[in-house]
Each structure stands twice: as C-alpha cells, then as structure tokens.
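starting from these lines, generate the structure:
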Amino acid sequence: MTTQPSVLRADARRNRERILEAAVRAFSEKGADVPIDTIAKAAGVGSATLYRHFPTREALVEAAYRNELARVCDSAAGLLADNPPDRALRLWMDRFIDYLAAKHGMADALRAAVATGADPFAETLDKLGTAISTLLRAGTDAGLLRPDTDPLDVGFSLAGIALVTSAPDQRDRAGRLLDLLLDGLRHGAAEPAPGP
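Predicted coordinates for the structure are as follows:
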C-alpha cells in the first residue's frame, strides 16, 4: 500500500513526485526490469526513501501510471480556464497523445504489474470519461462543438490515433489527425444562444 500524497509533508511530497517522474522515464526508456536503485538515483533519493513510498515494484508501476493519468485528466480544467473550449480540447488531445506514448513505453512494466494482481487501470475509463465530458460539454455550451458526441468515442478515437502514430517520427501526423478529429467534432455545432 502506498502512502497517500495528501498526508505527506512538503519534502516527502516532492520526493514522491520526483520518484514517480523518474519511474515513468525509466520504465518508458528501459523497460520493466530497470533496477529500482536506478530509479531512486535518477530521482535524487535513496532506495530506502523510494521503498517507504512504494514498497514493491508493482506499487511503483501502478502509482506512476495513475499519476500520469491524473495529470493529463486534471489538466482539462486549467486548459478550459485559459482557452476557448475547442482550443482547450485540442491542447488536451495533445497531452493525451503524449500520455499514451509514455504508457506505451511503460507497457512491459504495466503487464508485469498486472501479472502480480495489481490493477492500475481500474479508474482509467472513469477519469478519461470525466475529463473528455467536461471538455465536450464546455464546447457544446459555447456552440463550438457538436452536442451528440459520446466521450468514449472521442477517447477511443484518440487511442486509435496514438496506435497508428506511436513512432516518434509520426508525431506530426498525430497532430494532423487530431486536427481532423476536432474538425469533425465542430461539424454540426450550434451557435450559442445570444445573451440577455
């Protein structure tokens, strides 16, 4: 069981975040068998500190995956605060594609964690559905996006784009496909009702 970040001191929270960032990089670049000591060193902490937060490799893999998922899903509100809803959705789509690329790199580590009984994906659809729904609803309310879109359809479309453009040299193509997807989401949008 991992320590919950909400009850950690500020320095422990920073250590935890550095460990999770180092873990995502290490698992993505070096695979599931990267030594835990390597991750601790990359995070600038000792192995004992890493094990206090994450007592097993599986706990670390699960927490790293969920942290990345939360980061991309939680960014929707901030993007909406700073951008028109259709632009916020497009920026969020870029973040989601980058998240899927990191997840693809962590695939071996995630498979190993699942094989031990961990379920890092338990909350994935709910979190993604909520983030995409928030973005779509804001776009629909503003008259910028069509109102008949299922958030999971958008999520699966994004996953498909990520799948066919997973090679690093395909990132530009992914951007063009995201633009096409957004154009489809704009098609049939109603103009917002005039204000009072």
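
in terms of helices and strands, where is residue 37?
Assigned by DSSP states H and E, residue 37 falls within helix 36-43.

need the contact partners of the helix or strand just after that helix.
The C-terminal neighbour of helix 36-43 among helices and strands, as given by DSSP H and E, is helix 47-53. Contact partners of helix 47-53, identified using C-beta atoms under 8 Å, 6 or more residues apart in numbering, comprise 2-3, 12, 15-16, 19, 36-37, 39-40, 43, 60, 63. Placement of C-beta: from N, CA and C, glycine included.

quick one: mean pLDDT for helix 47-53?
Over the span of helix 47-53, the pLDDT mean works out to 93.

list the buried residues for the longest helix belonging to the chain?
Ordering each helix of the chain by length in residues (DSSP state H) puts helix 57-82 first. Taking 16 or more other C-beta atoms under 10 Å as the basis for neighbour counts, the residues of helix 57-82 that come out buried are 57-69, 72-73, 75-76, 79-80.

next one: stretch 101-109
Neighbour-count burial for stretch 101-109 [16+ other C-beta under 10 Å]: 101, 102, 103, 105, 106, 108, 109.

looking at the residues you listed, which one is closest to residue 31?
residue 108 (4.9 Å; C-beta to C-beta).

tell me where this protein has helices.
Across the chain, reading from the start of the chain, the helices by DSSP H fall at 10-30, 36-43, 47-53, 57-82, 85-105, 107-115, 124-141, 151-164, 171-186.

ok, of the ones you listed, where does mean pLDDT dip lowest?
When the mean pLDDT of each of these is compared, helix 107-115 ends up at the bottom with a mean of 79.

and that helix, how far out from the chain middle?
Helix 107-115 has its average C-alpha position 17 Å from the chain's average C-alpha position, going by C-alpha atoms, centre = their mean, to the nearest Å.

which residues does that helix contact?
If you take C-beta under 8 Å, 6+ apart as the criterion, helix 107-115 is touched by 27, 31, 32, 33, 57, 58, 61, 62, 65, 103, 120.

in a markdown table: the residues you listed, plus distance to residue 162.
Conversion of the contacts of helix 107-115 to a markdown table gives the following (distance: C-beta to C-beta, whole Å):
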| residue | distance to residue 162 |
| --- | --- |
| 27 | 17 |
| 31 | 19 |
| 32 | 20 |
| 33 | 24 |
| 57 | 26 |
| 58 | 25 |
| 61 | 20 |
| 62 | 21 |
| 65 | 15 |
| 103 | 9 |
| 120 | 18 |
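
ok, those residues vs residue 135, which is closest?
For residue 135, the nearest member of those is residue 103. The distance, counting by C-beta to C-beta, is 19.8 Å.

tell me how far the closest one lies from residue 13.
24 Å (C-beta to C-beta, to the nearest Å).
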